[in-house]
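S.K.: A predicted structure for the sequence below; I have some questions about it.
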Amino acid sequence: MRLAGMAAKTASVIGIGQTDWPADHARVRAGQKPHDSYGYAAEAFVAALADAGISRADVDGLIVGPTVAYERVGELLGLDVRWGGQADAMLAVLEACMAINAGQAEVVALIYGNDQRSAAVNYGGADAQGGSAFLSYIYHAPWGFTSQGALYALMARRYMQERGMSEAELAEVAVAQRLAASRNPQALMRKPITVEDYLASPYICEPLHLFDYCLINDGGVALIIAEASKAKRIGRAPVPIHGIGRYDLNTGATSLEPRLTDFYQPAQQAVGEQVFSMASLGPSDMDALQIYDSFSLHIPLALEGYGYCKTGEAGKFMREHGISLARGLPVNTGGGHLSESYMQGWNHQIEAVRQVRGEAGERQVPECRHVHYSSDVAGKAVSIIYGQ
Amino acid sequence: MANSQRVLSLYDLPLWDSMERQKMALPRCSHCERFRYPPGPICAECSSMDYEWTEISGEGTILSWVVFHRQYFEDYPQPYNVIAVRLAEGPIVVSNLVGEEPQGSWIDRPVSITYRRHLDRTQHAFKLKAADTNS
């Protein structure tokens, strides 16, 4: 099945930017409010423009993250554009690629800012964020069931028994990503941990431990994506997008059917066919993975879903082969949401670009030619392959 | 911290009324007999908009379970369990296990429905089937 209409490498990332996450976090924890979501978005945009070496006038498309209003961002930044939109990190990249392929824009700015920590945003409880988009986030509250973490805990418990994965094997995710973070000056949590530390950490929603949960912090991220030939003319170090893919499991979403019966695997398999076919590449060509990790469980799900290991062997794969910078297939090389920064998938995009550029410093994956980004938020599977 | 709240869409109101009467009912498609949960206006299987509220048997098996060790709601001090139950009629519902808890894994344990008062509402809970607790 090849339904993807877009040709590979027709759009390239030419600029990336971020706010100083550790500095933002330190100031927020000290009781200050460095910026609101718009301020973080603006700071990241200015950094991305500088990284690309282009001027604001080159931008003719704008897409903003879900935490800010589209028009207000454009107004603040003085961006009048011929194409625009609003989306989460992964869909923003997909939509920018599609706009470029449709000739609707040549240079798209993708901009995200989030003051979720300083604004005390809750992801569980009576004011849980996201219920208007995902009914499952609020529907089961009368039985005390709340928070995305609990949704993944329920999924994890069944997955552990059905597919065979121990808590110590799941610990490999948190341990590997903390090792990556220890080599990343922009990561918030840099002290290495062991499997024993993980097992000794408290449960939040059992069977998930504290270390299975993402951080909550303020910050911003921006990317500039340009049409590939234009990218070569104006860009400093263009990173082409080799493939994109998406498949959404909506049926039974609120009653948790796709989570608890198939662990989202059918969606990932459908996306895998699409994205690897578009890129003319396969899992064995990937030098690193970036996996949306609001919770650690996303990692074994993606490893099985995309065929990096056999179904039922993710636990063993993580324990024996490894998923860290030290051994095996490196996953979330900046530390991910668990240890670097919770930028809701945006930090994974710029980490992928840095790895392909060879600009990841101490955490650089040697000869990193292709990076696969995957997310499966609420059964919406998305993939992007960045490469040289 | 606030109390837990129900989602009360147009289609949820009869469900909560049925639990108040301790006879939980779900909309069953008049065309293909598929049960809808959460209740809704159309059958996801056959697109029929016709349905009848039909009392469920109350029988099911546990698909998965968690234990909360953090408090999110005023009315749910930790620790407390939450279970996902596959109803005999097909849908998965999220609920609580009351009474005796199984030794070892809870998955695949047969359960049957019961009802409990919680705040100003009556809602379902499940208990292990007798044969299982005696073993």
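M.R.: Yep, that arrived.
S.K.: for the residue nearest the centre of chain B, which residues make a bridge with it?
M.R.: Computing the C-alpha centroid of chain B and ranking residues by C-alpha atoms, centre = their mean puts residue B:93 first, at 4.1 Å. In this structure, residue B:93 bridges to residue B:85 when assessed by DSSP bridges.
S.K.: Who are the contact partners of it?
M.R.: For residue B:93, the contacting residues are A:255, B:37, B:60, B:84, B:85, B:87, B:124, by C-beta atoms under 8 Å, 6 or more residues apart in numbering or on different chains. Just so you know, the C-beta spots here come from the backbone N, C-alpha and C atoms, and that holds for glycine as well.
S.K.: again, but for residue A:311
M.R.: Neighbour list for residue A:311: A:163, A:265, A:304 [criterion: C-beta under 8 Å, 6+ apart].
S.K.: Report pLDDT for it.
M.R.: Model confidence at residue A:311, given as pLDDT, is 97.
S.K.: ok, now residue B:132?
M.R.: What the model reports as pLDDT for residue B:132 is 49.
S.K.: you'd agree residue A:12 is up against residue A:226?
M.R.: Yes - between residue A:12 and residue A:226 a contact is recorded at 6.0 Å, counting by C-beta atoms under 8 Å.
S.K.: For chain B, which segments count as strands?
M.R.: With strands called from DSSP state E, chain B shows them at B:25-29, B:51-55, B:59-68, B:80-87, B:92-95, B:110-118, B:121-128.
S.K.: Just send those strands back as CSV, with mean pLDDT too.
M.R.: Shown next, in CSV, are those (pLDDT from 0 to 100):
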stretch, mean pLDDT
strand B:25-29, 98
strand B:51-55, 98
strand B:59-68, 98
strand B:80-87, 98
strand B:92-95, 98
strand B:110-118, 98
strand B:121-128, 98
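S.K.: Counting neighbours, show which residues of the lengthiest helix in chain B come out buried.
M.R.: When chain B is parsed with DSSP state H, its longest helix is helix B:13-20. Counting neighbours by 16 or more other C-beta atoms under 10 Å in any protein chain shown, one finds that the buried residues in helix B:13-20 are B:15, B:16, B:18, B:19.
S.K.: ok, the closest residue to the last one other than its chain neighbours - how many residues close by?
M.R.: So that's residue B:19. Using C-beta to C-beta, 6 or more residues apart in numbering or on different chains and skipping residues adjacent in sequence, the residue nearest residue B:19 is residue B:122, 5.1 Å away. Number of residues near residue B:122 (other C-beta atoms under 10 Å in any protein chain shown) recorded here: 16.
S.K.: Isn't residue B:122 up against residue B:23?
M.R.: No - applying C-beta under 8 Å as the test, residue B:122 and residue B:23 come out as separate, 10.7 Å apart.
S.K.: Contacts only, for residue A:384.
M.R.: By C-beta under 8 Å, 6+ apart, the residues touching residue A:384 are A:90, A:93, A:94, A:241, A:243, A:244, A:275, A:349, A:352, A:372, A:373.
S.K.: Would you verify that residue A:73 is located in a helix?
M.R.: Yes - under the criterion used here (DSSP: H, G, I helix; E, B strand; the rest coil), residue A:73 sits inside a helix.
S.K.: That one: neighbour count?
M.R.: By the other C-beta under 10 Å criterion, the neighbourhood of residue A:73 contains 25 residues.
S.K.: OK, contacts around it?
M.R.: Contact criterion C-beta under 8 Å, 6+ apart gives A:38, A:41, A:42, A:62, A:64, A:79, A:111 as the residues in contact with residue A:73.
S.K.: I'd like the distance between the fourth one and residue A:104.
M.R.: Residue A:62 sits 12 Å away from residue A:104 when distances are taken as C-beta to C-beta, to the nearest Å.
S.K.: Kindly report the same for the fifth one.
M.R.: With distances defined as C-beta to C-beta, the gap from residue A:64 to residue A:104 amounts to 16 Å.
S.K.: So for these two, which residue has more residues nearby?
M.R.: Under the neighbour definition other C-beta under 10 Å, residue A:64 and residue A:104 were set side by side, and residue A:64 has more, 29 against 16.
S.K.: Please read off the pLDDT at the closest residue in space to the more buried one that isn't next to it in sequence from the model.
M.R.: Nearest residue to residue A:64, sequence neighbours excluded (C-beta to C-beta, 6+ apart): residue A:73, at 4.7 Å. The predicted local distance difference test score for residue A:73 is 98.
S.K.: now swap in residue A:7 and tell me
M.R.: So, for residue A:7, pLDDT stands at 81.
S.K.: Pull the number of nearby residues for it.
M.R.: In terms of burial, residue A:7 registers 10 neighbours under the definition other C-beta under 10 Å.
S.K.: try the one 10 residues further on
M.R.: Here the neighbour count serves as a burial measure; for residue A:17 (other C-beta under 10 Å) it reads 22.
S.K.: counting contacts, what elements does the helix or strand hosting it pack onto?
M.R.: Mapping residue A:17 onto the secondary structure by DSSP states H and E places it in strand A:11-18. On a contact count with 3 or more C-beta pairs under 8 Å, 6 or more residues apart in numbering or on different chains; DSSP states H and E, strand A:11-18 meets helix A:37-52, helix A:89-101, strand A:219-227, helix A:228-234, strand A:239-248, helix A:346-357.
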